[in-house]
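1. Attaching a predicted model along with its sequence, questions to come.
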Amino acid sequence: GPGKTVILIGHGTDHSANEMYHKLEQKLLEAGLPILLGTIEEGVDEILPKLKERVKQEYVLMPFLLVAGDHVINDMMGDDDLSWQSKMTAAGYTVSVYAKGLGENKHFQQLYVKRLKNIVEKGAVN
């Protein structure tokens with residue numbers, strides 16, 4: 001909704017492929033979408049400076065993961081002082097969590113099945 005920014009949280013990696021998260025975030029911002037993208041690998045401390053540049057508003061943490069499991073429960077929204085929600089709240093931000101993985105989204109399910117069928121039928125990813 002208005003005044004809300006979604007923060008997608010992916011797993012991340014120490015491999016150079018992690019740069020794809022930054023490129024995707026840039027494309028989302030260029031499209032004018034109120035979406036930031038962070039990773040568990042890099043941590044919430046990578047996102048906090050980006051929030052200081054923005055007008056204070058409400059943030060919705062959303063997993064950019066197939067399944068909302070351990071990382072969502074412990075890293076994103078846990079009561080632990082180190083969770084994304086705890087650190088952002090302590091920094092003065094209003095934070096809520098959408099605790100559902102991409103696998104629970106019907107549109108993503110359809111895309112996933114379409115890609116799998118394509119791989120099986122044609123041996124191709126595209």
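-> Sure thing, it's come through.

2. buried set for the helix ranked longest in the chain?
-> Taking DSSP state H as the criterion, the chain has its longest helix at helix 106-122. Using 16 or more other Cβ atoms under 10 Å as the test for burial, helix 106-122 gives no buried residues. Backbone N, C-alpha and C define where each C-beta goes, glycine included.

3. So what's the gap between that helix and the chain middle?
-> Mean C-alpha position of helix 106-122 versus that of the full chain (Cα atoms, centre = their mean, to the nearest Å) differs by 22 Å.

4. Using PDB, write out every CA atom in it.
-> Provided in PDB are the C-alpha atoms of helix 106-122 (Å, rounded to 0.1, in the frame of the first residue of the first chain):
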ATOM      1  CA  LYS A 106      -0.100 -19.000  -7.200                       C
ATOM      2  CA  HIS A 107       1.500 -16.900  -9.900                       C
ATOM      3  CA  PHE A 108       5.000 -18.100  -9.000                       C
ATOM      4  CA  GLN A 109       3.600 -21.700  -8.900                       C
ATOM      5  CA  GLN A 110       2.300 -21.300 -12.400                       C
ATOM      6  CA  LEU A 111       5.600 -19.900 -13.600                       C
ATOM      7  CA  TYR A 112       7.600 -22.600 -11.900                       C
ATOM      8  CA  VAL A 113       5.400 -25.400 -13.400                       C
ATOM      9  CA  LYS A 114       5.600 -23.800 -16.800                       C
ATOM     10  CA  ARG A 115       9.400 -23.700 -16.600                       C
ATOM     11  CA  LEU A 116       9.600 -27.300 -15.400                       C
ATOM     12  CA  LYS A 117       7.400 -28.500 -18.300                       C
ATOM     13  CA  ASN A 118       9.600 -26.600 -20.700                       C
ATOM     14  CA  ILE A 119      12.700 -28.300 -19.300                       C
ATOM     15  CA  VAL A 120      11.100 -31.700 -19.500                       C
ATOM     16  CA  GLU A 121       9.500 -31.300 -23.000                       C
ATOM     17  CA  LYS A 122      12.300 -29.400 -24.700                       C
END
